[in-house]
Every structure is written in structure tokens, then in C-alpha cells.
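Asks: just the structure for this:
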Amino acid sequence: MGTFTGPPPADGRRPLLAAHFLGTFQVTIDGVPVDTTSRRRTRHVLAYLLAHRRAPVPRDVLIEALWPGTAPAAARNSLHVALSHVRQALRTAHPRAAIERRFDTYRIADAVAVWTDIERFERHRAAGALAERRGDQVAARHDQEAACQLYGGDFLADEPYVEWAAPIRDGLRLDVIDVQGRLVERYLADGAYGPAAVLARRLLEIDPCNEAVHRRLMTCYAAAGQRHLALSQYHRLVELLWTALRVRPSSRTTALFEELSHPRHDRVTRVA
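Replies: Just a heads-up that it's a prediction; the model follows:
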């Protein structure tokens, strides 16, 4: 797979705030960590502002997202305290970093340039899809690999119970399932069975009942001369589908299993 696509170097004009949401939430400014662990609400406010940074966030939206059901006066006071701690955490990392208030809205001030892994992931995903439509397989593979490498885990994976994060997490998970699935297909078409198997296993960690991916992994194992692993993968799928959904594998998957079970088929070279 391609080279990891991380934050660009600072441009020499503005300090660079880099926010990593995919997996463990981390924020740095020109490489200096911003404290996002000391106070939970500080962490949540900063994460919300960065995740929705394309437009100023109204105060009532912030309050509803972070203090739903709280009395208005108490919620406003909590927000005021949390914003104060966010400003302090940012200034400690870099004196130019700040939260900008305009009327009753808040945003990360333009004194810093902002890079986020979720925006970069979506940019590579969209570029890969566009390259695919144009028939540029090399560019499609490059962008799909970059997107997959950026996905180090679910959005705010270390905050699984934050309600406002759930729709973003679900959307990104569907996006990475699509990208990884396309890239597995590309690897198989190129005969790159090793990378295809690695990526298929990663995809099944996110989407364990994805029957098509199980078939792809069975194909990879068989093509590598590991027919026993291919057959074992089928049995694992049978158990997963029955336990989770009370269904059996499709006829297509069963046909692949029966083909691989035949002693003559020590290798499978076609894409299942």
C-alpha cells in the first residue's frame, strides 16, 4: 500500500493545528500536543468545533450537543467554563491559537491553519472515486490506499458514548467499507493476493458479516496455496451469519466453498 498521508509541514505563515479523529482523538499545533485529556468537556467542545469547523457553531447548537436536557442557565455556564479551558489548552500549545466568538457563534480562529484526518480521508475517497469513473486505475489505487491508511479507527473511537459523534462515525464507517472493498477488488484483479488478504481482514473487523469480503478472503487464501484457511474462513462465516442474523451463506458463497473443497482445486486464480 502507499505512503501514509499525514499533516503537511507548517507553511511558515500560520501555525498548523492537526486534529486526528480516526481512532484516538489527538490535537497538536506545530507538533506540540494540545491537552485533550485533563478535562472531558474541554475535549468534547474542542472536538465538536474542529469536526464542524467549516462554519461557525451557534451557542445553542453546542449546548444541545453537549448538555442536552440541562437547564439553560446551567448549560450556558458549563459552556463558558469549557470554552475557557479550551482557550487555555490551545494557548499553552501555541500563543496564536484561539477560539473566535462572533455574536453567539464560535469557531477556531484563522490565526492557525487546520488539518484534520477526516477531511483528508474524505478528500482521498472522493478523488479515488473520480479517478475510477475516469478509468485512471493508477490514480484510483493511490487515493484509495491513502484513504485506507488514514483510517486508523472509528471516529472518536475512544469516546463511544458521545451522541453527537454517532452519525459522523456511522457515515465514515460506511465510507471506509466502500473504499476498502473497492481496493480489495483492485488488488485481486492485479493478482496482489497478499495485500488483498490483509485489507480484507481489516475490513472484516469493521464489517464482520460482509459475505462478499469473506469470499474475497477465501479466494486470496486459495490463490496463495492455503486452501485450509479458505475452508476455515467459510466455516467462520457460517457461524457469524447464524449467530448475528440467523441466516445461511448465499448460494454463491456455498458454491465457492464446494469448489475449494474439491481435491483438484489447490489454487483459485479467478476472482470469486
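Asks: sketch out the low-pLDDT regions of the protein for me.
Replies: Applying pLDDT under 70 to the chain picks out residues 1-5, 8-12, 263-272.
Asks: quick one: the helices in it?
Replies: 40-51, 59-66, 72-93, 117-134, 137-150, 165-189, 193-206, 211-223, 227-245, 251-261 (DSSP state H).
Asks: looking at those helices, which one is packed in the most?
Replies: helix 211-223 (a mean of 24; mean count of other Cβ atoms under 10 Å). Glycine gets a C-beta too; all of them are placed from N, C-alpha and C.
Asks: now for that one, which elements pack on it?
Replies: Counting contacts by 3 or more Cβ pairs under 8 Å, 6 or more residues apart in numbering; DSSP states H and E, helix 211-223 is packed against helix 165-189, helix 193-206, helix 227-245, helix 251-261.
Asks: follow-up on the earlier one: format the helices of the chain as a markdown table; extra columns: distance to Asp158.
Replies: Formatted as a markdown table, those follow (distance: least, Cβ to Cβ, whole Å):
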| stretch | distance to Asp158 |
| --- | --- |
| helix 40-51 | 10 |
| helix 59-66 | 17 |
| helix 72-93 | 17 |
| helix 117-134 | 14 |
| helix 137-150 | 17 |
| helix 165-189 | 11 |
| helix 193-206 | 16 |
| helix 211-223 | 26 |
| helix 227-245 | 25 |
| helix 251-261 | 35 |
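Asks: mind checking which of the ones you listed is nearest Val32?
Replies: helix 72-93 (4.6 Å; Cβ to Cβ).
Asks: run the angle between the closest one and helix 40-51 for me.
Replies: Interaxial angle of helix 72-93 relative to helix 40-51 (axes from the mean of the first three to the mean of the last three Cα atoms, to 10 degrees): 80 degrees.
Asks: distance-wise, check Arg141 relative to Val179.
Replies: According to Cβ to Cβ, to the nearest Å, Arg141 stands 11 Å off from Val179.
Asks: let me see the backbone angles for Pro208.
Replies: Main-chain torsions, Pro208, degrees, to the nearest 10: phi -60, psi -20.
Asks: neighbours of it, how many?
Replies: By other Cβ atoms under 10 Å, 15 other residues sit near Pro208.
Asks: what sits against it?
Replies: Leu240, Ala244 (Cβ atoms under 8 Å, 6 or more residues apart in numbering).
Asks: how close does it get to Ala200?
Replies: In this view, Pro208 and Ala200 are 12 Å apart by Cβ to Cβ.
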